[in-house]
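J.: Here is a sequence with its predicted model. Questions after.
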Amino acid sequence: EPEVTQTPSHQVTQMGQEVILRCVPISNHLYFYWYRQILGQKVEFLVSFYNNEISEKSEIFDDQFSVERPDGSNFTLKIRSTKLEDSAMYFCASSDPFRQDALTHTEAFFGQGTRLTVV
Amino acid sequence: RKEVEQDPGPFNVPEGATVAFNCTYSNSASQSFFWYRQDCRKEPKLLMSVYSSGNEDGRFTAQLNRASQYISLLIRDSKLSDSATYLCVVLRDDKIIFGKGTRLHILP
């Protein structure tokens, strides 16, 4: 069964350093997402990406964050200068572009996450 | 007001019981609706989509009321393995929005 894969599974970084979280979405999917979940809290939307551009982003996704699809398979999240409060589980997700009708959309499939610890 | 609201629980129910979760969403432009399940420290996994006419998948039944902006999930004959956090999820434009989740503990 196709799946979303994320690497690394755990990343420890020093405050102020740049990190890149990597994701390989399901191959025929065209919508990509990044979410984060601080321990014990809700899953928070960061950004969605379609047709090589950001289609939606949240207020969390400030200038410190960027996303890229450098090739046909990878989807990356970069945090330029990490802060302690960036410590969280980061989930990548992808979904199929096929819209069954004007009101529906297929579900998103999530990777297993990257646990980012900023020290 | 949060865009997707759920009772955080926890719901502690005995094995074999029926349990129901409710969720409300505030934005009438919301397009699609899902229930996801999340086990501790794992990624959310799709449990089921929610269709306007209601739908069932084995022991799980989902209902949608667009007029009241309300989604429900019913679990019948609950099993120990159903213990998890259940996330109400709404798609609006290209944004998937999660509720905080409802924690369910099934007691032997």
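T.: Arrived safely, thanks for sending.
J.: Pretty sure B:Asn12 sits in a helix.
T.: No. Looking at B:Asn12 with DSSP: H, G, I helix; E, B strand; the rest coil, it is strand, so not inside a helix.
J.: what's the pLDDT at it?
T.: Reading off the confidence values, B:Asn12 has pLDDT 96.
J.: That one and B:Arg103 touch, don't they?
T.: No. At 9.2 Å, B:Asn12 does not count as touching B:Arg103 under the criterion of C-beta atoms under 8 Å. For glycine as for every other residue, the C-beta is placed from the backbone atoms N, C-alpha and C.
J.: So which of those two has more stuff around it?
T.: B:Arg103 (17 against 12; other C-beta atoms under 10 Å in any protein chain shown).
J.: which SSE is the more buried one in?
T.: Under the criterion of DSSP states H and E, B:Arg103 resides in strand B:102-107.
J.: Show me how far stretch B:74-82 is from its chain's centre.
T.: Averaging C-alpha positions (C-alpha atoms, centre = their mean, to the nearest Å) puts stretch B:74-82 13 Å from its chain's average.
J.: Okay, buried residues for that stretch please.
T.: Buried positions in stretch B:74-82, judged by neighbour count with 16 or more other C-beta atoms under 10 Å in any protein chain shown: B:Ile75, B:Ser78, B:Asp82.
J.: and if you look at stretch A:12-25?
T.: Applying 16+ other C-beta under 10 Å to stretch A:12-25 flags A:Thr13, A:Val19, A:Leu21, A:Arg22, A:Cys23, A:Val24, A:Pro25 as buried.
J.: any idea how far the fourth one is from B:Ala67?
T.: Distance of A:Arg22 to B:Ala67, given as C-beta to C-beta, to the nearest Å: 43 Å.
J.: Spell out which residues of chain A are next to chain B.
T.: A:31, A:33, A:35, A:41-45, A:48, A:50, A:55-56, A:58, A:89, A:91, A:93, A:103-105, A:107-113 (C-beta under 8 Å from any C-beta of the partner chain).
J.: Now for residue 2: which residues touch it?
T.: Since you didn't name a chain, this refers to chain A. If a contact means C-beta atoms under 8 Å, 6 or more residues apart in numbering or on different chains, then A:Pro2 has A:Ile26, A:Ser27 as its contacts.
J.: That was the other one, I meant chain B.
T.: B:Ser26, B:Gly99, B:Lys100 are the contacts of B:Lys2 under C-beta under 8 Å, 6+ apart.
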